[in-house]
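**Q** sequence-free structure coming up:
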């Protein structure tokens, strides 16, 4: 068998090693356009998990790599003239040039053919398998781009990759405010002489600083001046170090007939989580394993390879994208105190939580908990149990629960569920109205709304948004039915708006009589007030169409005049549908809510239209809450399948929300053991 690998980076070389180890009869050839010692990066970072996989795949390569490692277990965050330190993170790094040297030597020792300076312009023929390990600009991928379903799009900030002879003793984040905007650095050592020093900033900041007009040397000099204090008199080193936009590469499939992609040719993960080389070398291990497992049946093996690797890669890409997005908007977090800013940074990708950091670095979370509690004590409860003040109300903890659930008994706040302002505002015949509702639990948040075009439906146990055969009259911002079977609503006219305002005012007064703790107005999920906010559901030609938030804000003003307690708004921050509200639009609406007296924004998403494209997963609403809280400067309440106290501690501790809906799964941990059944002949007869 003959295998041709296009690309002589770490992934391609490592695959050659593994294939030759698996079967030394395989003819393995590597074609690389550059010279053997050419490298355009500085250091490569490995985690402990990756090192374990390398050790098991080829112990000799593993020993050679780890013998030259720079190791550290600390993350330093330099922010607002403070250094915050977190330990227990176990990083290892090696110079990229040294890594290439090691795997090249191992390839030659095992009999693989290496051809450097070989410019590949077309996919080589005559092989049983061609492997595209040729990076972001892969010729193998571009040749079969339509078959692979390739998508390449920029992600994150503008960045430039330098080296420096200053040897940092930790992975170091540096944040520096300038007249142009915020710049940040990712720096780490990779040998005893040199560190990687990546500078990044949002594109708008990059342009305001004039960096788009500077050449390589001028750009380097700018960064040396900006970070002179952190460099301690050391210079920056360039290796074709120019400002770039990170390309996020995805493919619908990674293989075609006798051609397969791996590493950056198949997928990229933003450098801010340091997983590019790790993923590529793990791809090589998985591809070798699939070929051996399938006895070199290429068709079956390539399917196996992709089925095994794609879920792992997609999870990493998702974490990397969250991290990249964090750094594009990190300026919005500069209002956080240093301790919370550091915890927010450490947990940005979702791979570190309050609980896992407690295992890694108990001193850090102990300091965080004490800061959050505001006690200064050496031992303090975690963030979930800290009180929260909303106007004159003090909640005992940060847990919000649905009425009737296990968490409701100890929650700081209990949700009422949807309560209609009038019989015409019900979702289904079982929806309570404010005239008949009484608080089942305390303290309670009363969700007050009008179903609009999603009303007059069968109970949801029978199906979602299925209309009643003989329903009631429906109203919405525009005469557009919700779903394919929904009734046609009428457009709400001026008289209807006036009547609805009166209904909400009366409902707010009734809530005060009932002793409701927090009143919430429902501007979400395609219900009546939410339908005014979205261009997908509001197609009016009057002032309430040109100013879509106008009528919901009028309702908010009217209720604020009748209700003196904490006032929340449940808001769909994005419609999750083409042409609908985007997150930036939702944040802008949230700012307007705050200006009109809203104390708390309950962040939700989607359901504005029936055919949206939701992104459901664990904690899927947290990023939206984070955006609203930091950019609209308002406390937030968030759910989104948060099922553990660790979820709540992480979200609240990092400043991504102030209150969290805790959806506890059933806990069948303990049960009574019944007496064993006895055969009838063993039973004692009664006398």
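**A** All right, it came through fine. Remember, it's a predicted structure, so these values are computed and weren't measured experimentally.
**Q** when you work out contacts or count neighbours from here on, use the C-alpha atoms and nothing else.
**A** OK.
**Q** name the nearest residue to the most centrally placed residue in the chain, sequence neighbours excluded.
**A** Centroid check for the chain by C-alpha atoms, centre = their mean gives residue 322 as the closest residue, at 4.1 Å. Distance criterion C-alpha to C-alpha, 6 or more residues apart in numbering; nearest residue to residue 322, sequence neighbours excluded, is residue 349 at 5.4 Å.
**Q** what's the local residue count around that neighbour?
**A** 22 (other C-alpha atoms under 10 Å).
**Q** ok, now the one 3 residues further on?
**A** The number of residues packed around residue 352, counting by other C-alpha under 10 Å, is 16.
**Q** these two touch, right, it and residue 346?
**A** Yes: between residue 352 and residue 346 there is a contact at 6.8 Å, judged by C-alpha atoms under 8 Å.
**Q** any idea which helix or strand carries the residue nearest to the centre of the chain?
**A** helix 298-328 (DSSP states H and E).
**Q** ok, now residue 341?
**A** Using DSSP H and E, residue 341 sits within helix 338-346.
**Q** by contact count, what packs against that helix?
**A** strand 82-95, helix 362-373, helix 645-653 (3 or more C-alpha pairs under 8 Å, 6 or more residues apart in numbering; DSSP states H and E).
**Q** and the gap between residue 418 and residue 272?
**A** According to C-alpha to C-alpha, to the nearest Å, residue 418 and residue 272 sit 42 Å apart.
**Q** again with residue 478
**A** 45 Å.
**Q** between these two, which one's more packed in?
**A** Taking neighbours as other C-alpha under 10 Å, residue 478 and residue 272 compare with residue 478 leading, 23 against 19.
**Q** bridged to residue 401, which residues?
**A** Counting by DSSP bridges, residue 401 forms beta bridges with residue 414.
**Q** hang on, residue 504 in a helix?
**A** Yes: assigned with DSSP: H, G, I helix; E, B strand; the rest coil, residue 504 falls within a helix.
**Q** roughly how far apart are it and residue 432?
**A** Applying C-alpha to C-alpha to residue 504 and residue 432 gives a distance of 15 Å.
**Q** looking at the two now, which is surrounded by more residues?
**A** Shown here are residue 504 and residue 432; by other C-alpha under 10 Å, residue 504 has more neighbours (24 against 20).
**Q** contacting residues for that one?
**A** 421, 555, 558, 559 (C-alpha atoms under 8 Å, 6 or more residues apart in numbering).
**Q** find the pair from the residues you listed with maximum spatial separation.
**A** 421 and 558 (13.9 Å; C-alpha to C-alpha).
**Q** from the chain's centroid, how far away is stretch 342-353?
**A** 10 Å (C-alpha atoms, centre = their mean, to the nearest Å).
**Q** whoops, stretch 191-206 was the one
**A** 23 Å.
**Q** mind checking the end-to-end distance for it?
**A** 30 Å.
**Q** stretch 422-442 now?
**A** 23 Å.
**Q** repeat that for stretch 125-139.
**A** First-to-last distance for stretch 125-139 - C-alpha to C-alpha - comes to 14 Å.
**Q** then stretch 606-621?
**A** By C-alpha to C-alpha, one end of stretch 606-621 lies 11 Å from the other end.
**Q** may I see the buried residues of that stretch?
**A** Within stretch 606-621, the residues scored as buried using 16 or more other C-alpha atoms under 10 Å are 606, 607, 608, 609, 619, 620, 621.
**Q** check those and tell me the two furthest apart.
**A** Among the buried residues of stretch 606-621, the pair separated by the greatest distance (C-alpha to C-alpha) is 609 and 619, at 21.9 Å.
**Q** neighbours of residue 303, how many?
**A** Residues lying near residue 303 (other C-alpha under 10 Å) number 16.
**Q** not counting sequence-adjacent ones, nearest residue to it?
**A** residue 255 is the one closest to residue 303 (C-alpha to C-alpha, 6+ apart), at 7.9 Å.
**Q** likewise residue 99?
**A** residue 65 (6.7 Å).
**Q** ok now the helix or strand hosting that neighbour, how far from the chain's centre?
**A** Using DSSP H and E, residue 65 maps to helix 59-66. Between the centre of helix 59-66 and the centre of its chain there are 34 Å (C-alpha atoms, centre = their mean).
**Q** how about it, which residues are buried there?
**A** 61, 62, 65, 66.
**Q** I'd like the average pLDDT over it.
**A** Across helix 59-66, pLDDT averages out at 92.
**Q** so that helix versus strand 82-95, what angle?
**A** 140 degrees (axes from the mean of the first three to the mean of the last three C-alpha atoms, to 10 degrees).
**Q** and the next helix or strand past helix 59-66?
**A** strand 70-79.
**Q** now that next one against strand 82-95, angle please.
**A** Using the same axes, to 10 degrees: strand 70-79 against strand 82-95 is 150 degrees.
**Q** what helices and strands are in contact with strand 70-79?
**A** strand 82-95, strand 171-177.
**Q** can you give me the strands in the stretch 151-300 of the chain?
**A** With DSSP state E, counting those that start in this stretch, the ranges of strands along the stretch 151-300 of the chain come out as 171-177, 182-189, 195-201, 244-251, 255-256, 259-261.
**Q** of those strands, which approaches residue 78 most closely?
**A** Here strand 171-177 is closest among the strands of the stretch 151-300 of the chain (C-alpha to C-alpha), at 4.8 Å.
**Q** what is the closest one packed up against?
**A** So strand 171-177, by 3+ C-alpha pairs under 8 Å, 6+ apart, packs with strand 70-79, strand 182-189.
**Q** list the buried residues for it?
**A** 171, 172, 173, 174, 175.
**Q** what does stretch 185-204 give?
**A** 185-191, 194-203.
**Q** pretty sure residue 219 is touching residue 211, no?
**A** Yes: contact criterion C-alpha under 8 Å: residue 219 and residue 211 qualify, at 6.4 Å.
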